[in-house]
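**Student:** Pasting the sequence and the predicted model now:
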Amino acid sequence: HQAIKIVALTGINRISIGGTLSQTDKLELADRLIAELKNPSHHPWYQMRLVETLGRIDLAVDRESRPFIVQMLTEAVADRGRHWVVRTEAAKALGRAQIPANVNLNKVVYEIAQLARDMVEGLNKKPSAFYWKHCFFNLYLAFQPLDAAERAQKFGLLQNGGQYKPLIQSAYDLVAPLTRHVIGGGGPVADGPIKQLDDWLKQNIPDNQSIAPNMPAINIPQARESRNRTR
């Protein structure tokens, strides 16, 4: 049962953080988590725990040197068929995953910003939903560490941006006020911040829709197909 799997994932997450898994164990675990995530019928809470655990694995590439974890997490962020808690947990996990130097962070950050735009639209349609504060805080944590321990580990995309730091900062400058607004109980988002997001998305469309040279493109028909599931 998925409820039992969620408990098992909690234990695996702790083992991953403890650093006691071998390289072979990490690769097998990541493969199994990704296989589970590709099943859209799983309960959103289970999917949320899957992406959380996937982001905690101390592993950058698969057996063929491909950034498969970042690929799966970015696909989850971009997939409008998934619940908000899953998409935002994947965004948060991207701020904690190992990201190889050859990853196209323009594409990764663009999908997080697009998620922010999707969330604003969803919030304005259903402002009373219980999950918005949690989801917007997850979005914030994609960019920033949660506490001193995470800061020491350089979690958050802003801590490891490299050449993409200005782009990441500009996206964060739009996400942070939205998070403060929602957590502060501000209700629906006004037209001004929405236009700022729209302008940013128009100005920062990635030239390449792949996150790395040897990975498939994450495009609108593939990753954002609506499955008409209840959110």
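**Tutor:** Arrived safely, thanks for sending. Residues are numbered from 1 along each chain as shown.
**Student:** neighbours of the residue nearest to Cys135 when sequence neighbours are not counted, just the number please.
**Tutor:** Nearest residue to Cys135 in three dimensions, chain neighbours excluded: Thr88, at 4.3 Å (CB to CB, 6 or more residues apart in numbering). To be clear about C-beta, it is placed using only N, CA and C from the backbone, and glycine gets the same treatment. Thr88 is flanked by 30 other residues according to other CB atoms under 10 Å.
**Student:** If I follow the layout properly, Thr88 ends up in contact with Leu139?
**Tutor:** Yes: counting by CB atoms under 8 Å, Thr88 does reach Leu139; the two are 5.4 Å apart.
**Student:** How about the contacts made by Tyr131?
**Tutor:** When the contact criterion is CB atoms under 8 Å, 6 or more residues apart in numbering, the partners of Tyr131 are Trp84, Val85.
**Student:** Could you report the distance from it to Asn214?
**Tutor:** 36 Å (CB to CB, to the nearest Å).
**Student:** Likewise for Ala129?
**Tutor:** With CB to CB as the criterion, Ala129 and Asn214 are 39 Å apart.
**Student:** Now for Ala171, how many residues are close by?
**Tutor:** With other CB under 10 Å as criterion, Ala171 counts 24.
**Student:** and it, what does it touch?
**Tutor:** Counting by CB under 8 Å, 6+ apart, Ala171 touches Val109, Ile112, Ala113, Ala116, Phe143, Trp200, Asn204.
**Student:** Just the buried ones out of those, please.
**Tutor:** Buried subset of those (neighbour count, 16 or more other CB atoms under 10 Å): Val109, Ile112, Ala113, Ala116, Phe143, Trp200.
**Student:** From the centroid of the chain, which residue is nearest?
**Tutor:** Centrality entry for the chain: nearest residue to the mean C-alpha point is Ala91, 1.6 Å, by CA atoms, centre = their mean.
**Student:** Go ahead and confirm it touches Leu139.
**Tutor:** Yes: here Ala91 reaches Leu139: they are 5.7 Å apart, a contact under CB under 8 Å.
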